[in-house]
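Q: Quick one: sequence and predicted model below, then my questions.
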Amino acid sequence: MDKRNLPITFFDSGVGGISVLREAVALMPRENFSYFGDSANAPYGTKSVDEIRSLTLSHAERFRRQGTKALVIACNTATSAAISSLREIHTDIPVIGIEPALKPAALMSEHPTVIVMATPLTVSAAKFNDLLGHYSDKADVIPLGCPGLMEFVEDGSLDTPRLRNYLQELLRPYLDKCSPDAIVLGCTHYPFVKPLIRQIAGENVRIFDGGPGTARELQRRLTQEGLLTDRTSKGSITFDESLPEKIDLCKKLLNARI
Ligand code: DGL
C-alpha cells in the first residue's frame, strides 16, 4: 500500500484529543484519521511520568502494527512524559506532540499576565519548565494545575452548575488578584469548556489553545516528508476507545460547535 494513504493516528488519554483532531480534519479533509482515546486509564495528569510513558509507548507500538503514517500525541500530558522516547523509537514517521500555547500568549502584548491551565503532571514537568524559562522575561506566567477538570469533559458535561462552580472556585482568586490578559488551555480536554471559561474570565481575557498550531505542524511535516494523501475525495475518521461506550461522545465532540 502507498504509505501516503495510510491513516494518521491521533492519541489522547481520553476524548480531549478530539479538540486537536477537528483542527486537522478541517485543514486536511482528504486524509484518513484514526483516533484512540485511553479513557479506561484516564486521567493521565495525576499519574507518574513512568506510568504515562509506558502506557503511551505501548499504545504507539500497537498503532504502528496496525499501520499509520504519522502519530499525533494530542495530549499535553503524554507529550511531556513520552515525546522524546517516542521519537527515539519511531524514527521513520512524523511524531507530533502538543504543548501549551504559551508562545503566542506571551507575545500578544508588552509583558502580559498569562494563566496556563493544564494537568498537574504538565505544569510540574521539566518540558513545561523549559518552556517557562523561554518566556519568563516576556510575560508573567501563572501555571495552574487543574486536577479534576478533564473528568467533566470525559463525562460529557460541558455546561453544568457543578462545572461552573468548579471553574469559578479555581479561577476567581487568580482573576481577582492578577487581572490576567490571557489564559492558555494547556490540556486538550479544556477547549470543550472554553465557553464557560470565557463567561467566567470575561471577554477581555484572550484564550489560547494549542490545537490549531499542532494541526498546522502536522500538515507541515506531512508536506515536508511527501506524505500527504493523493486521495481526491473526503477521507474517513475512525474512533477507537479503551472504553467503547465513549465512542458516541467522541463523535458528538467532533461535531460540537465549540
Ligand atoms: N488531555 C490531556 C492533556 O492534554 C490530559 C488529560 C488527563 O489528565 O488525562 O494533557
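A: Great, that's in hand.

Q: Contact partners for residue 179?
A: When contacts are counted by Cβ atoms under 8 Å, 6 or more residues apart in numbering, residue 179 touches residue 113. Placement of C-beta: from N, CA and C, glycine included.

Q: That one and the ligand: what is the separation?
A: Residue 179 sits at a distance of 26 Å from the ligand (criterion: Cβ to the nearest ligand atom, to the nearest Å).

Q: Number the residues from 130 up from this point.
A: New numbering, starting at 130: the last item is residue 308.

Q: now that residue: how far from residue 274?
A: With distances taken as Cβ to Cβ, to the nearest Å, residue 308 is found 21 Å from residue 274.

Q: quick one, phi psi at residue 317?
A: Phi and psi for residue 317, reported as degrees, to the nearest 10, are phi -70, psi -10.

Q: Tell me, how many residues neighbour it?
A: Residue 317: 32 surrounding residues under other Cβ atoms under 10 Å.

Q: Tell me the secondary structure of the closest residue to it other than its chain neighbours, please.
A: Distances taken as Cβ to Cβ, 6 or more residues apart in numbering put residue 145 closest to residue 317, at 3.8 Å, once the chain neighbours are dropped. Counting by DSSP: H, G, I helix; E, B strand; the rest coil, the backbone at residue 145 sits in coil.

Q: same thing with residue 337?
A: strand.

Q: nearest residue to it other than its sequence neighbours?
A: Counting by Cβ to Cβ, 6+ apart, residue 337 lies nearest to residue 230, which is 4.2 Å off, once chain neighbours are set aside.

Q: give me every residue that touches the one you found.
A: When the contact criterion is Cβ under 8 Å, 6+ apart, the partners of residue 230 are 313, 314, 315, 337, 338, 339, 342.

Q: go again using 7 Å as the cut-off
A: By Cβ atoms under 7 Å, 6 or more residues apart in numbering, the residues touching residue 230 are 313, 337, 338, 339, 342.

Q: before we move on, what about residue 354?
A: Residue 354 makes contact with residue 223, according to Cβ under 7 Å, 6+ apart.
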